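# fold the following.
(2 chains)
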Amino acid sequence: MKIGLANFRPLKIKIVRLCAATLIAGSVLIAARPAFAEYPDKPYTVIVGWAPGGGIDTYTRVVAKYAQKYLGERFVIQYKKGGGGRLAYNLAAKNKDIADGYTLLSNMMPNYALNSLTYSKGERGYAPSDFVQLGANTCVPSAFFVTASSPIQSAKDLVAYARKNPGKVTVGVAGARSGNEAFRLIVDHTLGIKTRRITYGGGSESLKALLGGEVMVMSANAIWLKQIPHEVRALFLASDKPYKLAPHTPTLTQLGYDITDCLTRGMAVPKGVPESRITFLREGLTKMAQDKAFQNDLEKIGLVPDWWDQSRVQAFIQNYIDKHDYVFKSMSAR
Amino acid sequence: MLTQVLHAASGLLDFQIIVLIPLGVIIGIVCGALPGISASVALALFLPLSFVLAPLQSLVFLGAIYMAAEYGGSISAILINTPGTPGAMAATFDGYPMAREGRALEALYASILGSATGGILGMLVLLFFTPWLARLSLKFESPEMFWLAMAGLAIVANLSAENFTKGVIGACIGLAMAMVGQDLQTGVNRFTFGIVELEGGIKLVPTMLGLFAVAQMLMLVSSKLEDASILGIGNSQGAFWRMLQFYVKHPFLILRSSIIGIVIGILPGAGASVASFVSYSEAKRYSKEPERFGKGTPEALFAVDCANNGMVGGSLVPLFALGIPGSASAAIMLGALIGHGITPGMQLFMHGGGSLVYTFILSLIPTTLFMLVIAGFGARWFAKVIDVKVPHLVPIVMALAIIGSYSSNGSLVDVFVTFSTGLLGYLLLSFRINLAPVVLGFVLGPMAEEGLRRTLELAPTATAAWATLFGRPICIILILITATMIISAIISSHRRRSRNSEGAGIA
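Below is the predicted model:
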């Protein structure tokens, strides 16, 4: 039995060819993979411009819980705290590499506009047009709070007291260019009173000052009614209809003033993300907003689920800028 | 409170915590024993790492490192006459002579018994005193916060610095660093030089890594450390029992030294080195045989180690109650609190809260016990650590510092901050300016500024502003403390100068 190698020559060549073909095909497949790969194929980075544990962070964590199900990948939350959210927007606007649909920002209107437009041209940083809105899950009404034992118990008391003692009403706000401060200016303007701004670094500091008696009033949003209902009471809310979590608190519209004001909790991406990816994210978030369990989780942290699509968010902020010229002027003057 | 504490104790039965305490203790002892790595360096290095843990676990881990590092410093002080941590400086005076007499084991046992006692007593003060002080902190409004920061800076400048002027210079440098970033009241950017990342201010974690880890390593590289020869531990029979007898026979020494450590710990910024020196000199003053001091008496070691471990608990009291760190190491623990979004003060104890703080405080009991056990049996093995050479140590610490600084916020600017603060720290150390006032200035700067400016915002007229700043009772107490610190510093420097000139006259 003599089996020469020569006899198997054709087979050998075949094997070599087969191997080569497989290799080539394989490498073509690998090279082509990104084109075929489904977006998303890696976790999202979500930038939170506020402190961990704060209001925006707790909201983001609820969205993160449902991200895998509706957006196909999980969220990795990154904190870039500073300047009342401004730092995160500035960093994201500057970095062109992250406009790939994998970086999202937790967004709060109207702080988003205030943080840019109230600065002089040279210091402005990002422009509101640097980001594309995906939508908002809720808009929390702004409110004026007093302590439960305060002699001022209603909007009427506040106006009467403030007119008799001009400049004596101190209002705690979280940040000099925040939505809270804007709301204080709006209330002053519409109710025809003059209050004094006392600035704090954040909502919890401002609350501590109210409870400790350092300030008479706190300008904040309705979440506190859910979180510490016994210690504080709201004089009024700035929503057009009674707020679901505090149905007995009067709204400014009920009191005869034409003010609605709220702070959104939403998501945005930097400008330049491919249109198809933006659509994917918007559709995912819209579907998530309909999920009953998601809505329950939002209510647990004091947010009333109310999905706003991007056009409504856009209209809200445009209307806000158009209507509150005096707010922007007053803040820019500082 | 008792039910709360009992409830908190059950929090210790957590798998992670059971693993983290021994780990932290071992890391702490090893780092503490290494000359050049003090408790603050060890904490700064492990702070970024601890952010992957939940808040409680992270605090327990760092607490174990802190406690064990303050003990570990004495090991090298005894065996190679080089203190592993600044707090162990005074342990060299008697520890090394004892080791040379072949009583190294006795010295090591004295040191661990003292450390454990100080640690436990400090923990008890922390447990009972903090909620009380936190409740008091509700009375602290903006003007009080301003004066509290001022008093803190005056105390640290007086106690921790070689002279008051240098302390004030250090504090001012810290205050200047705290100015960087967006102005809270107006939103204007200060000293950011167009760097977006600086708008949020200079971050605490990268700064700590720079000032402690990087600056320390530069100091190590530039100083000529002689190759220390480690003295043999020897095999003295019954050393532990002799020390235990000594311990039982000197309850007042133990108690006094621990209390000195705890009280000095509570004072802002005055860390282990101040505590142990004061305790050493007091022990000598009250001793029946003061002439033995400096020649190798266990009395001295008990005094030093009770104090520098008592300091640990004490330094955390103002941290949890007021947000003011009692030592440079506690300032790094503050970084952990901030990083986890925990605001110090009464909020920690309100709304049925407090279990986090109580569980952390109670975790110092198993930490101390584990330290006692592991050091009691393993002293001779930990001595091996001292063999690590500077050329090996420096690159490791530097690499850890850079990784830690980058990972704390994912920003390269933070790494530059670490390098620049490292260089700054090195420069300051070479001018013999202590870093504790710098750190305190940096931490207390925003508190002082916000307090003062908010007081002015709140006052309707200028007269009212003066009245609130200087008229409120707590303010007056704090002003008196500040004034006492400044005046006593001036008097003592005047005395020193006149003593020097007298000396010159005689010569």
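# only C-alpha atoms from now on, for both contacts and neighbour counts.
OK.
# where in the stretch 401-507 of chain B is pLDDT low?
B:502-507 (pLDDT under 70).
# those residues of it touching chain A, which are they?
Residues of the stretch 401-507 of chain B lying close to chain A (C-alpha under 8 Å from any C-alpha of the partner chain) are B:Asn409, B:Arg454, B:Glu457, B:Leu458, B:Pro460.
# buried ones among these?
Buried members of those, scored by 16 or more other C-alpha atoms under 10 Å in any protein chain shown, are B:Asn409, B:Arg454, B:Glu457, B:Leu458.
# from those, pick the one nearest A:Glu123.
Sorting these by how near they are to A:Glu123, with C-alpha to C-alpha, puts B:Asn409 at the top with 23.9 Å.
# and the closest one, what does it touch?
By C-alpha atoms under 8 Å, 6 or more residues apart in numbering or on different chains, B:Asn409 lies in contact with A:Gln78, A:Tyr79, A:Lys80.
# buried ones among these?
Buried among the contacts of B:Asn409 (16+ other C-alpha under 10 Å): A:Gln78, A:Tyr79, A:Lys80.
# next structured bit after the helix or strand where B:Thr455 lies?
Element membership of B:Thr455, judged by DSSP states H and E, is helix B:435-458. Once the chain leaves helix B:435-458, the next helix or strand it forms, by DSSP H and E, is helix B:462-471.
# near chain B, which residues of the stretch 151-300 of chain A show up?
Counting by C-alpha under 8 Å from any C-alpha, the residues of the stretch 151-300 of chain A close to chain B are A:167-168, A:170, A:175-177, A:197-201, A:209, A:212, A:214.
# go again using 10 Å as the cut-off
Counting by C-alpha under 10 Å from any C-alpha of the partner chain, the stretch 151-300 of chain A comes close to chain B at A:167-171, A:174-178, A:196-201, A:204-205, A:208-209, A:211-215, A:228.
# now intersect the residues you listed with the helices, please.
Using DSSP state H, the subset of those located in helices is A:Ser204, A:Glu205, A:Lys208, A:Ala209, A:Leu211, A:Gly212.
# so which of the residues you listed is the closest to chain B?
Proximity of these to chain B (C-alpha to the nearest C-alpha) peaks at A:Gly212, which lies at 6.7 Å.
# picking up where we left off before, nearest to B:Thr130 among the contacts of B:Asn409?
B:Thr130 has its nearest neighbour among those in A:Tyr79, at 30.1 Å by C-alpha to C-alpha.
# returning to what we had before: can I get the contacts of B:Asn409 in CSV with secondary structure and pLDDT?
Below are those laid out as CSV (DSSP: H, G, I helix; E, B strand; the rest coil; pLDDT from 0 to 100):
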residue, secondary structure, pLDDT
A:Gln78, strand, 84
A:Tyr79, strand, 80
A:Lys80, coil, 81
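# near chain B, list only the ones from the residues you listed.
A:Gln78, A:Tyr79, A:Lys80.
# the chain: strands as residue ranges?
You didn't say which chain, so I picked chain A. With DSSP state E as the criterion, chain A has strands at A:44-48, A:75-79, A:103-107, A:131-147, A:170-174, A:196-200, A:217-221, A:232-237, A:262-270.
# meant chain B, my bad for not saying
Along chain B, counting by DSSP E, strands occupy B:181-182, B:189-190.
# of the residues of the stretch 401-507 of chain B next to chain A, which pair is most distant in space?
So, these by C-alpha to C-alpha: farthest apart are B:Asn409 and B:Pro460, at 40.6 Å.
# can you say which of the residues of the stretch 151-300 of chain A next to chain B are buried?
Buried members of these, scored by 16+ other C-alpha under 10 Å, are A:168-171, A:174-178, A:196-201, A:205, A:208-209, A:211, A:214-215.
# can you put the strands of chain A in a markdown table and add distance to B:Leu301?
Formatted as a markdown table, the strands of chain A follow (distance: least, C-alpha to C-alpha, whole Å):
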| stretch | distance to B:Leu301 |
| --- | --- |
| strand A:44-48 | 50 |
| strand A:75-79 | 46 |
| strand A:103-107 | 55 |
| strand A:131-147 | 55 |
| strand A:170-174 | 51 |
| strand A:196-200 | 48 |
| strand A:217-221 | 55 |
| strand A:232-237 | 55 |
| strand A:262-270 | 59 |
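# residue of the stretch 301-450 of chain B closest to chain A, please.
For the stretch 301-450 of chain B, C-alpha to the nearest C-alpha, closest residue to chain A: B:Gly341, 5.3 Å.
# ok, how many other residues are close to that residue?
Other residues lying near B:Gly341 total 14 when counted by other C-alpha atoms under 10 Å in any protein chain shown.
# one more: A:Asn111?
Neighbour tally, A:Asn111, other C-alpha under 10 Å: 22.
# likewise for B:Leu218?
Counted with other C-alpha under 10 Å, B:Leu218 comes out at 19.
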